[in-house]
Structures are given as C-alpha cells and as structure tokens.
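S.K.: This is a predicted model, with the sequence first.
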Amino acid sequence: MGVVSSCCESCFRSRKSQQYEPLLLENEREAVADLLQYLENRTTTNFFTGSPLSALTTLSFSDNVDLQRSAALAFAEITEKEVRPVGRDTLDPILFLLSSHDTEVQRAASAALGNLAVNTDNKLLIVKLGGLEPLIRQMLSPNVEVQCNAVGCVTNLATHDDNKTKIAKSGALVPLTRLARSKDMRVQRNATGALLNMTHSDENRQQLVNAGAIPVLVSLLNSPDTDVQYYCTTALSNIAVDAVNRKKLAQSEPKLVSSLVQLMDSPSLKVQCQAALALRNLASDEKYQLEIVKADGLSSLLRLLQSTYLPLILSAAACVRNVSIHPQNESPIIESGFLQPLINLLSFKDNEEVQCHAISTLRNLAASSEKNKQAIVKAGAVQSIKELVLEVPMNVQSEMTACIAVLALSDELKGQLLEMGICEVLIPLTNSPSSEVQGNSAAALGNLSSKDGRTTTDDYSAFNDVWEKPDGGMHKYLYRFLTSPDATFQHIAVWTIVQLLESGDPQLISNIRSSGLLIPNIKQLAMTRTSSPTSSLGGTPHSHHSQSHSYQDTETGDGQGEIQLLARRILDSIEGDGDGAMTPSAPPSHMQAASFRDQEGSIGGRDHDELRKSVREAFSAGSVGH
C-alpha cells in the first residue's frame with residue numbers, strides 16, 4: 001500500500017485560524033478542535049472508537065471538501081501506523097469518502113481502506129458493506145495515485161477466499177487486467193498481485209481468463225520488475241493447473257515456454273522457483289513436455305536441481321518428473337547429466353516429496369529403453385535404493401519398488417540385479433502395510449524370476465539364497481499372497497511360482513514341491529475356482545511376442561479363472577514325472593509396477609480396485625525394452 005503522508009495538525013490549525021472558521025458549522029468547528037487535541041496525543045489515543053472516531057465521522061460527512069480531505073488524510077495516517085479489527089462505525093465514513101469526486105479525498109480514503117484490509121475481519125466487512133463498487137470506480141480514475149491505492153486495496157481484499165468470487169463477479173477483473181499494463185510500476189505491481197490472488201479457484205481462474213488476463217500476464221513475464229515477474233509467473237502457474245487453460249495457452253502463447261525458461265535464470269530465487277513450477281504444471285501435457293526440452297529448459301532445471309535451496313530443488317524435481325513422462329525425453333534427460341543428481345536426491349531425507357520426484361523420474365527414464373535401464377543401474381540407482389528403501393517413508397518405498405520392477409523387465413539386467421542382492425529388501429516389503437508397496441515389490445520379484453528365451457546358463461541361485469530369509473523369504477511371501485483375499489495378489493503368487501518352475505533350477509523346484517505351505521493352497525486355488533475361457537496357449541499370461549489372448553480375455557471375477565489355470569499348471573508340473581521343470585509354451589509375460597509411467601502425484605493412494613486394474617494391464621502389456 002502506498003503511504004499517504006499528511007500533516008493533519010498544521011492543516012487543521014491553518015484552516016481554523018484563517019478562511020474556514022466562518023464557514024464551518026458548529027458541530028464541525030467542535031470536531032476540528034477535538035481532533036486537533038487528539039492528534040497531539042495520538043500515541044495514547046484510540047481513533048477507532050468514542051469521541052476521536054465521532055470527530056472524524058463528522059468531518060467525513062461534511063459538505064466541505066476541505067474537511068473531507070482532512071478526515072481522509074487523518075484516516076490514512078492513523079491506519080498506516082495501526083491496524084486493528086474495526087466495526088461499521090469506522091468503515092462507513094471511509095466508504096462515504098471513497099465516493100467523493102475530489103481526487104485527494106479518493107486517494108487518502110482508498111489508502112486508509114487498503115491499510116485496514118490487511119486485517120482478516122476487516123477484509124470481509126469491507127466487501128459486505130459494499131466497498132467493491134467505489135473501489136472499481138476509483139480503478140477507472142485517470143489519477144495514478146488513486147488507481148494505485150484502489151488496486152492495492154482490492155489486492156488485499158482478494159487474499160480472503162470468501163471475497164474472491166465476489167470480486168470476480170463484481171466486474172473488477174477487466175479494470176484490473178487493464179491496469180496490469182499501467183506504465184506506473186506501483187499500479188502494475190498492485191494489479192498483477194490482485195490478479196494472482198484471484199487464481200486460487202477453478203471458477204475465478206475461468207473468469208480471469210475470460211477477462212483477457214492470459215496475454216497480459218504472459219507479456220509481463222518480460223517485465224524489468226521482479227515483483228511483477230513473480231506475480232505473473234505464479235498466476236500463470238495456477239492458471240496452467242486446468243487442462244482447458246493449458247490448451248488455450250498452447251494455442252495463443254507460443255513464447256510462453258521460452259519466457260519461463262529464461263526466468264529460471266532470474267537473479268531472484270522466488271522467480272526461478274515459480275518459473276519451474278509453472279513449467280511443471282504446463283508439462284502435464286505432452287506438447288509442453290517436448291517443448292520444454294526443445295527450449296533448452298533441461299540445462300536450467302539441472303542447475304536448480306543441484307541447488308542448496310529446498311524450494312528450488314523441489315520445483316525443479318517436480319518439473320523434471322513431468323517432463324520425463326514423454327518417451328522422447330528419456331535419452332535427452334540422461335544425456336544432459338541428470339542421473340547422478342537424481343540418485344543423490346534419493347537420500348534427501350529432509351523432504352519426502354523430493355525423494356518421490358527423484359525416484360519417479362528415474363522410473364520414467366527407464367520405461368522404454370534398454371539402454372536407459374542399463375545407464376540407470378550403472379549410475380548406482382539400484383544400490384542406493386537397496387540401501388535406503390527399508391528406511392524411507394511409505395510413499396517413497398512405493399516409488400522405489402516400482403522403479404525396481406521396471407528395471408527388472410530387462411533380461412540383460414536381471415542377473416545383475418539378483419547379484420546385487422535386491423531380493424533381500426524386496427521380500428520384507430511384500431509384507432508392508434501398504435498394498436502398493438506389497439504389489440510393487442512382488443511385481444519386481446516376479447519380473448526378476450521371469451525371462452524371455454531362457455538358457456541353461458541362467459542362474460537362479462539368488463532365489464534359493466532367499467527362500468527362507470529374510471522375514472521368511474520367498475517361501476513366506478508366496479504363502480501370504482496365495483492366501484490373500486485379494487485376487488490380484490493370488491494371481492501374482494501363482495504366476496511367479498510358474499516362472500520359478502520354468503527356470504529348471506533343481507533346488508527351486510525341490511523347494512516348491514516340498515513346501516507344506518504352498519502346495520495345499522495351490523491345490524485349493526486349482527480346485528475351487530470356476531474355469532474360464534482360456535487362451536490357445538493354456539491360459540498362462542504371455543508376452544506380446546506371442547499371439548495369446550490378454551489377461552483380460554481370460555479372467556472372470558478379478559482373474560479367478562486365470563488363477564485356477566495357473567494353479568493347475570503348477571500342480572501338473574510338480575506332481576508329474578521327472579524333475580518338475582516346466583517347458584513354457586511361449587515366453588511368459590512380465591509384471592510391471594502398479595504404475596508404468598507416473599505423472600506427479602503419489603501412487604500410494606490407490607485402492608485395491610485400482611491396483612487390480614493396474615496389474616491386469618501389466619499382465620497384458622508385454623515386454624518393454626526388448
């Protein structure tokens with residue numbers, strides 16, 4: 001708010017002693033005398049009640065414009081030094097002064113009202129008493145000082161959620177948008193600040209867009225003023241939350257991304273941060289994911305990612321996470337040098353959100369390229385995950401196990417991952433309180449157990465090493481999933497057992513065949529399920545290399561028919577002649593993590609229905625990276 005300075009005492013004294021004394025009404029003359037006395041003792045006087053307020057009110061409602069000026073200046077000066085909740089008896093005279101045709105009165109009254117609007121209770125009462133209408137009229141004033149104070153008051157009023165919709169419906173948005181282009185920097189700051197305050201709800205954002213705010217905000221990204229840059233960047237970031245608005249931005253603002261990328265190199269940390277967050281919201285759309293990379297946004301994001309300032313790290317990590325969703329961006333991100341900084345952030349224990357962004361980005365980068373998977377493992381991601389995953393928060397565990405599940409899709413890496421002892425941390429997590437962590441960990445183990453084109457040199461000894469430990473090992477994990485009430489988990493268990501039997505490893509086959517925990521439950525699943533239509537290849541999930549039907553084609557009631565077929569297949573193997581090894585009729589499918597590509601947002605909140613759906617999709621999705 002601009003400071004309105006006045007010397008009320010000298011003003012009153014000169015008027016009392018000179019031309020105004022004969023023109024004053026008796027009550028006005030008394031009010032002047034009283035107020036002069038109160039102003040001499042202003043440090044101990046409460047001007048918002050009693051005789052001091054009565055004197056100000058008398059002068060405010062006077063027909064004498066000079067007395068109105070004095071009252072308005074006194075209100076402005078008093079409220080500049082002290083703000084407290086006030087009642088209608090204080091606001092009514094100030095609102096009356098707002099309607100004056102005198103520029104000086106308007107300027108001082110709007111300054112006083114803006115000062116009082118800092119208080120939460122006052123914000124609501126000012127709007128309730130009809131303060132918006134005269135403020136809008138003052139925003140249309142040709143006087144820059146009046147504009148500045150009026151817009152500043154609206155800015156303060158718009159910080160309260162209950163006022164935002166009323167302001168949007170009052171007709172204030174069009175003049176606010178126009179004043180955002182003012183040549184006076186103070187007016188511009190106040191106007192863009194007010195527009196920002198109006199972007200916190202869907203309805204108000206839409207009205208703001210309809211008022212023509214988008215091109216104004218985008219053009220002001222290039223303002224030389226840091227505050228204006230910050231307000232406009234943050235407002236656009238909020239506007240970009242809505243998909244419809246992102247489409248409008250894409251159609252009408254071709255320079256938006258390049259401007260935001262430039263602002264990531266601003267001298268102001270808060271502008272850098274908001275620019276990255278705006279790009280993060282834009283990168284919810286495929287077009288912007290590609291455009292950010294094309295505009296050389298990666299180099300700035302990498303710098304922010306390696307900052308020591310948490311808000312910058314968080315905003316950059318969130319942006320890179322969304323940019324990494326597009327398959328074409330995987331290699332550019334890796335080639336730009338992001339792997340090691342992302343891996344370093346896995347141990348950023350001060351902020352769970354940073355950890356989630358980092359690990360989810362690594363998972364996205366691994367999604368569709370064998371080369372990228374190998375680069376991620378080579379950079380040390382799996383070793384870091386192994387060291388951290390049992391200690392990090394549950395949401396981070398979900399992301400980490402999902403990343404391992406994606407990496408484990410690679411036949412080239414399975415042996416390396418097993419040698420690193422990754423099963424030792426995955427097995428305890430199959431008993432996590434989180435169904436997401438359980439499912440992702442089990443999917444990772446299943447992917448590690450499965451391999452297209454098995455050879456006699458494949459080494460499955462790692463599964464024997466963890467058969468009974470830790471935490472009961474593979475043995476207890478498979479038992480828990482076989483006996484789970486969730487058909488998805490039953491399906492994972494029987495499918496994984498099929499993969500272990502197909503390995504041909506004598507010890508694994510013996511472990512399964514001799515298990516008093518697994519075999520009775522497999523028999524029960526084989527006998528109690530109603531058979532469902534099967535694929536031409538026996539109902540086992542297969543990779544996209546074969547022509548088998550998908551998992552959805554064979555399921556009945558959450559895949560129960562498929563579970564029965566797999567259970568019978570296991571029994572046929574272990575109860576038949578020979579060593580129990582299974583000859584696969586086609587290369588088996590790979591399970592994936594519960595979410596293949598992840599946009600920002602924790603995957604830990606899915607319910608069981610969503611988990612079942614995601615695993616069904618994983619069964620039918622086939623191999624990735626081959």
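M.R.: Sure thing, it's come through. Numbers count the residues shown, from 1 in each chain.
S.K.: What are the boundaries of the helices in the stretch 301-450 of the chain?
M.R.: Ranges of helices in the stretch 301-450 of the chain, per DSSP state H, counting those that start in this stretch, are 310-323, 330-335, 339-345, 352-365, 370-378, 381-388, 394-407, 411-419, 423-429, 435-449.
S.K.: could you redo the ones you listed as a markdown table and give each row mean pLDDT, distance to V174 and mean neighbour count?
M.R.: For every residue, glycine as well, the C-beta is placed using N, CA and C. Shown next, in a markdown table, are the helices of the stretch 301-450 of the chain (pLDDT from 0 to 100; distance: least, CB to CB, whole Å; neighbours: other CB atoms under 10 Å):
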| stretch | mean pLDDT | distance to V174 | mean neighbour count |
| --- | --- | --- | --- |
| helix 310-323 | 97 | 32 | 25 |
| helix 330-335 | 96 | 42 | 18 |
| helix 339-345 | 97 | 44 | 20 |
| helix 352-365 | 97 | 38 | 27 |
| helix 370-378 | 96 | 50 | 18 |
| helix 381-388 | 97 | 52 | 20 |
| helix 394-407 | 96 | 43 | 28 |
| helix 411-419 | 94 | 59 | 18 |
| helix 423-429 | 97 | 56 | 22 |
| helix 435-449 | 95 | 47 | 28 |
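S.K.: These into TSV, with extra columns for distance to Q289?
M.R.: Formatted as TSV, the helices of the stretch 301-450 of the chain follow (distance: least, CB to CB, whole Å):
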stretch	distance to Q289
helix 310-323	5
helix 330-335	11
helix 339-345	17
helix 352-365	11
helix 370-378	16
helix 381-388	22
helix 394-407	19
helix 411-419	26
helix 423-429	31
helix 435-449	24
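S.K.: so which of these gets nearest N46?
M.R.: helix 310-323 (41.3 Å; CB to CB).
S.K.: So what angle separates the directions of the closest one and helix 352-365?
M.R.: 30 degrees (axes from the mean of the first three to the mean of the last three CA atoms, to 10 degrees).
S.K.: could you list every residue that touches N27?
M.R.: Taking CB atoms under 8 Å, 6 or more residues apart in numbering as the criterion, N27 is in contact with T58.
S.K.: before we move on, back to that, out of the helices of the stretch 301-450 of the chain, which comes closest to D465?
M.R.: helix 423-429 (7.9 Å).
S.K.: Residues contacting that closest one, please?
M.R.: 385-386, 389-390, 397, 401, 404, 437-438, 441, 444-445, 448, 462-463, 465-466, 470-474, 477.
S.K.: where are the low-confidence patches of the stretch 451-600 of the chain?
M.R.: Within the stretch 451-600 of the chain, the segments meeting pLDDT under 70 span 453-454, 456, 528-559, 577-600.
S.K.: what do you get if the cut-off is 90, keeping everything else the same?
M.R.: Confidence mapping of the stretch 451-600 of the chain against pLDDT under 90 gives the ranges 451-459, 503-504, 527-561, 573-600.
S.K.: Which element, helix or strand, includes K287?
M.R.: If you go by DSSP states H and E, K287 is part of helix 286-294.
S.K.: Was I right to think I313 contacts N344?
M.R.: No: assessed by CB atoms under 8 Å, I313 is found out of contact with N344, at 10.5 Å.
S.K.: what about P142, neighbour count?
M.R.: Using other CB atoms under 10 Å, the number of residues around P142 comes to 7.
S.K.: How about the one 5 residues further on?
M.R.: A count of neighbours around Q147, defined by other CB under 10 Å, yields 26.
S.K.: ok so, going back, with respect to T455, which of the helices of the stretch 301-450 of the chain lies nearest?
M.R.: That would be helix 411-419 among these, by CB to CB, at 10.3 Å.
S.K.: What are the contacting residues of that closest one?
M.R.: 370, 373-374, 377, 382, 404, 407-408, 447-448, 451-453, 458-459, 462-463, 626.
S.K.: what angle sits between it and helix 381-388?
M.R.: 30 degrees.
S.K.: just the angle between helix 411-419 and helix 370-378, please?
M.R.: 20 degrees.
S.K.: and the angle for helix 411-419 with helix 435-449?
M.R.: Using the same axes, to 10 degrees: helix 411-419 against helix 435-449 is 110 degrees.
S.K.: Helix 411-419 versus helix 394-407: what angle between them?
M.R.: 130 degrees.
S.K.: how about helix 411-419 as CSV, C-alpha atoms only?
M.R.: Below are the C-alpha coordinates for helix 411-419, written out as CSV (Å, rounded to 0.1, in the frame of the first residue of the first chain):
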residue,chain,number,x,y,z
ASP,A,411,16.6,-59.6,-19.4
GLU,A,412,20.1,-58.1,-19.6
LEU,A,413,19.9,-56.7,-16.1
LYS,A,414,18.0,-59.5,-14.2
GLY,A,415,21.2,-61.4,-13.3
GLN,A,416,23.0,-58.2,-12.2
LEU,A,417,20.1,-57.1,-10.0
LEU,A,418,20.0,-60.5,-8.4
GLU,A,419,23.7,-60.5,-7.7
